[in-house]
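In: sequence plus the predicted model coming up.
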Amino acid sequence: MSPSLPPQLRLPPQPLGQNVRRPGQVLPTPRVARNIRPLVYAIGIAGIVASGAWIGAYLKTGQQQDAARTQAQRLVAQLEVQPIPQQTEVAVPPTYNLPGDTEYNQRIQTLESKRSQLLAQKTGLETKLRDFHDSQRRKAEEEKERKEFGLKR
């Protein structure tokens, strides 16, 4: 060997055939792997979504319990017993001033007005339904008469 030439490497001979991988060439994936991969991704995403929903629900119920506990403590602290006037001889039970009585009355009024609107809507829909059934009955009677006389539309 001459000093100017690099030493030759002894590589095993390359097999001849179609399945020889060339640089930049991707091996064909089996059909089963192509069918399973989307399924694995879908199951993974569904697991992530389900765990997120479960954790979120758990955190939300904890927050709701804390809020209810603090509200109950606040109501107990704000509950004031008014003194009974001693000039009257009739025993009057103590009255409690609950915060939110005005809100309660407003909600009742809102619900009553909504109820009246829904009842009005119900009567209107009932008349429409009755008219529809009447028109269907009339059409059926006319069709029956046409069939009796042998007339076509």
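Out: On my side now, so go ahead. Note that the structure is a prediction, hence the values are computed from the model and not measured.

In: hey, where'd the helices end up in the chain?
Out: Counting by DSSP state H, residue ranges of the helices within the chain are 31-78, 101-149.

In: avg pLDDT for the longest one?
Out: Averaging the model's pLDDT scores along helix 101-149 yields 91.

In: what's that helix packed up against?
Out: The contact analysis (3 or more C-beta pairs under 8 Å, 6 or more residues apart in numbering; DSSP states H and E) places helix 101-149 against no helix or strand. Glycine gets a C-beta too; all of them are placed from N, C-alpha and C.

In: ok so, going back, make a markdown table from the helices of the chain and add mean neighbour count to it.
Out: Output for the helices of the chain, formatted as a markdown table (neighbours: other C-beta atoms under 10 Å):
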| stretch | mean neighbour count |
| --- | --- |
| helix 31-78 | 10 |
| helix 101-149 | 10 |
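
In: domain assignment for this protein?
Out: The chain breaks down by automatic domain parsing into domains covering 31-78, 103-153.

In: just the pLDDT at residue 97, thanks.
Out: 54.

In: over to residue 16?
Out: 60.

In: now swap in the one 5 residues further on and tell me
Out: What the model reports as pLDDT for residue 21 is 60.

In: same question, the one 5 residues further on
Out: The predicted local distance difference test score for residue 26 is 61.

In: got it, and the one 5 residues further on?
Out: Reported pLDDT at residue 31 in the predicted model: 69.

In: what does residue 74 give?
Out: pLDDT, residue 74: 80.

In: now do residue 35
Out: Value for residue 35, per-residue pLDDT: 81.
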